[in-house]
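S.K.: just coords:
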Ligand code: FPP
């Protein structure tokens with residue numbers, strides 16, 4: 001895919017950005033609003049970030065929308081988040097499809113309401129041939145749960161122990177076929193991994209900003225990319241120009 005915009009200062013564009021969209025609750029509280037208003041604003045913000053990814057030529061975006069631990073939140077917030085995702089599929093699917101976005105789900109579908117499960121599966125099927133941006137939605141997702149699920153399936157498939165290596169394990173994860181994230185962004189200042197892509201993040205670069213997720217706009221994305229451009233990715237080796245990772249812009 002050809003980057004649709006790069007800047008003179010950016011020579012490296014990540015292939016895959018993953019985002020922990022944190023701070024919705026605090027964004028709402030700081031305005032005297034209920035927490036769900038923060039999640040709504042965070043959902044609206046996704047449009048800006050998706051548009052930004054397309055503009056910068058980033059082919060994969062993963063967002064952490066609901067973790068396996070989020071079931072422990074008050075039931076009105078859990079129900080509200082389920083409703084938001086269902087509503088987003090209803091309202092935005094056609095446009096996302098039209099814009100060439102492929103939707104993937106990472107996590108378990110089992111615990112979701114059958115109607116939501118069905119909508120997610122239909123959205124995945126409708127968009128499966130799109131190539132402009134792959135949007136992976138981590139929903140009912142936990143990194144440890146993903147690894148447990150992979151182990152169960154490897155055992156089910158009778159893979160001999162001597163044949164199990166990192167490639168085999170990767171191919172059994174929910175993210176099979178998706179390149180590991182080059183850059184993980186966490187908004188609202190917390191510096192923890194929170195069970196997100198714990199296998200795939202092995203060599204990701206981290207960018208943490210105090211900005212709350214609903215305020216993380218295209219300019220903030222640009223700052224994250226500029227920070228990424230300053231990084232010397234060594235993957236455990238010594239520094240070398242060939243070790244940068246990500247896409248070299250073709251016209252930047
Ligand atoms: C963390 O902020 C955010 C979440 C747990 C949910 C994020 C979900 C969305 C933005 C909706 C996504 C929708 C779709 C369609 C994928 P927090 O609630 O922990 O904020 P706080 O730390 O300030 O309380």
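M.R.: In hand now; what should we look at? For clarity, every value in this text was computed on a predicted model and none was experimentally measured.

S.K.: what helix or strand is the residue in the chain that the ligand sits nearest to on?
M.R.: Closest contact between the chain and the ligand, by CB to the nearest ligand atom, is at residue 25 (2.4 Å). For glycine as for every other residue, the C-beta is placed from the backbone atoms N, C-alpha and C. Residue 25 belongs to helix 24-29 when assigned by DSSP states H and E.

S.K.: does the ligand sit close to the next helix or strand after that helix?
M.R.: Reading on from helix 24-29 to the C-terminus, the next helix or strand found by DSSP H and E is helix 35-56. Yes: Helix 35-56 comes into contact with the ligand (CB under 6 Å from any ligand atom), by way of 39, 42-43.

S.K.: the helix or strand just after helix 35-56 vs helix 35-56, what angle?
M.R.: Per DSSP H and E, the first helix or strand lying C-terminal to helix 35-56 is strand 60-67. Strand 60-67 runs at 170 degrees relative to helix 35-56, counting by axes from the mean of the first three to the mean of the last three CA atoms, to 10 degrees.

S.K.: what lies in contact with the helix holding residue 25?
M.R.: 34-39, 41-42, 188, 212-215 (CB atoms under 8 Å, 6 or more residues apart in numbering).

S.K.: packing partners for the helix or strand residue 147 falls within?
M.R.: Assigned by DSSP H and E, residue 147 belongs to helix 143-156. In terms of contacts (3 or more CB pairs under 8 Å, 6 or more residues apart in numbering; DSSP states H and E), helix 143-156 is packed against helix 166-171.

S.K.: turn the residues of helix 35-56 next to the ligand into TSV, columns for pLDDT and neighbour count.
M.R.: Shown next, in TSV, are the residues of helix 35-56 next to the ligand (pLDDT from 0 to 100; neighbours: other CB atoms under 10 Å):
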residue	pLDDT	neighbour count
39	97	25
42	98	25
43	97	21
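
S.K.: hang on, the earlier thing: just the buried residues from the contacts of helix 24-29, in ChimeraX please.
M.R.: A single ChimeraX command selects the buried members of those (16 or more other CB atoms under 10 Å):
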select :35,36,37,38,39,41,42,188,212,213,214,215
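
S.K.: which among the contacts of helix 24-29 gets closest to residue 121?
M.R.: Nearest to residue 121 out of those is residue 39 (CB to CB; 23.1 Å).

S.K.: I'd guessed that closest one sits against residue 81; true?
M.R.: Yes: in this structure, residue 39 is within contact of residue 81 by CB atoms under 8 Å, at 6.1 Å.

S.K.: quick one: the longest helix along the chain near the ligand?
M.R.: The longest helix of the chain (DSSP state H) is helix 75-98. Yes: for helix 75-98, a contact with the ligand is found by CB under 6 Å from any ligand atom, at 84-85, 88.
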